[in-house]
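Colleague: Sequence and predicted structure, then a few things I'm wondering about:
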Amino acid sequence: MECVILAGGLGTRLRSAVSDLPKCMAPVAGRPFLHYLFRYLEGQPVERVILSVGYMHEKVTGWAREGRWKFEVTSVIEEEPLGTGGAIRLALGAATREQVLILNGDTFFDVNLSRLRAEHRKSGAVLSMALKPMDRFDRYGNVTTDAGGRILAFHEKQFCEKGQINGGVYLMERNSGLFDGLPQKFSFETDVLQKRHGACHFHGMPFDGYFIDIGIPSDYRRADEEFAGIFPC
């Protein structure tokens with residue numbers, strides 16, 4: 001598999017806890033957060049990683065070059081912020097496989113990628129995403145699907161007693177035309193997922209693996225506490 005990691009985030013909401021670093025390089029249990037994503041991918045059928053970088057990209061690419069990984073690592077650089085959608089489209093220009101995995105560089109979700117790929121192929125969807133079941137949440141929007149897993153709606157953030165959220169892990173067809181007609185800068189979540197799910201077949205598959213998004217200080221601190229036990233040296 002070929003994997004794009006969105007690693008260009010400014011980390012604005014994390015500035016009180018982490019300064020002068022891209023979000024993906026925030027130290028967690030003594031290592032950059034990106035280290036744990038790479039370590040996770042080494043246990044999955046991934047042969048090539050494309051880092052989509054922008055803000056302070058030298059820190060990300062320099063760190064990646066210093067490591068010895070089980071997969072090839074390359075990068076594409078946003079000369080100006082392109083939004084999540086523009087960043088993905090830029091990275092897809094460096095991809096070679098028909099199906100490409102997309103990960104958020106500030107989120108860890110323990111998903112069996114072989115299962116996700118098998119389900120994606122079976123469904124015939126142009127895009128599949130891993131969904132995380134949750135109880136009593138309001139930080140994330142709820143995603144509803146039909147009995148076969150086809151995504152019906154992305155709901156706005158509000159308190160939800162029980163539901164499932166977008167886990168930030170996607171498998172998409174590179175030449176699906178999902179980005180046709182969109183400007184240079186756009187949001188993947190708003191302009192593609194929310195606006196095009198009615199016309200396109202998007203598939204959702206629930207996974208119960210460990211999930212954390214370090215985008216806010218409280219969850220960043222929680223990751224710092226929990227990762228030492230999850231990923232012993």
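Modeller: Ah, there it is. Numbers count the residues shown, from 1 in each chain.
Colleague: Report how many residues lie close to the closest residue to residue 158 other than its chain neighbours.
Modeller: What sits nearest to residue 158 in space, not counting adjacent residues and going by Cβ to Cβ, 6 or more residues apart in numbering, is residue 138, at 6.2 Å. Backbone N, C-alpha and C define where each C-beta goes, glycine included. Here the number of neighbours of residue 138 (other Cβ atoms under 10 Å) works out to 10.
Colleague: Am I right that residue 138 is in contact with residue 160?
Modeller: Yes. Using Cβ atoms under 8 Å, residue 138 makes contact with residue 160 at a distance of 6.9 Å.
Colleague: Remind me what the longest strand along the chain packs against, helices and strands.
Modeller: The single longest strand within the chain, with elements called by DSSP state E, is strand 160-173. Here strand 160-173 touches strand 99-104, strand 107-109, helix 113-123, strand 127-137, strand 141-145, going by 3 or more Cβ pairs under 8 Å, 6 or more residues apart in numbering; DSSP states H and E.
Colleague: and the ones you listed as a markdown table, adding mean pLDDT and distance to residue 191?
Modeller: Below are those laid out as a markdown table (pLDDT from 0 to 100; distance: least, Cβ to Cβ, whole Å):
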| stretch | mean pLDDT | distance to residue 191 |
| --- | --- | --- |
| strand 99-104 | 96 | 15 |
| strand 107-109 | 96 | 20 |
| helix 113-123 | 96 | 22 |
| strand 127-137 | 97 | 13 |
| strand 141-145 | 96 | 15 |
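Colleague: how about these, which one is nearest residue 228?
Modeller: Among the helices and strands packed on strand 160-173, strand 107-109 comes nearest to residue 228, with 13.8 Å by Cβ to Cβ.
Colleague: Partner strands of that closest one, with direction?
Modeller: Looking at strand 107-109 with DSSP bridges, its partner strands are strand 211-213 (antiparallel).
Colleague: outside of the partner strand, which residues touch it?
Modeller: Outside strand 211-213, the residues within contact range by Cβ atoms under 8 Å, 6 or more residues apart in numbering are 104, 106-110, 132, 167-168, 219, 222-223, 226.
Colleague: Pull out the buried members of these.
Modeller: Among the contacts of strand 211-213, those buried by neighbour count (16 or more other Cβ atoms under 10 Å) are 104, 106, 107, 108, 109, 110, 132, 167, 168, 219, 223.
Colleague: Dump those residues to JSON lines, plus distance to residue 142.
Modeller: Formatted as JSON lines, the buried ones among the contacts of strand 211-213 follow (distance: Cβ to Cβ, whole Å):
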{"residue": "104", "distance to residue 142": "18"}
{"residue": "106", "distance to residue 142": "21"}
{"residue": "107", "distance to residue 142": "17"}
{"residue": "108", "distance to residue 142": "21"}
{"residue": "109", "distance to residue 142": "16"}
{"residue": "110", "distance to residue 142": "21"}
{"residue": "132", "distance to residue 142": "11"}
{"residue": "167", "distance to residue 142": "13"}
{"residue": "168", "distance to residue 142": "15"}
{"residue": "219", "distance to residue 142": "18"}
{"residue": "223", "distance to residue 142": "23"}
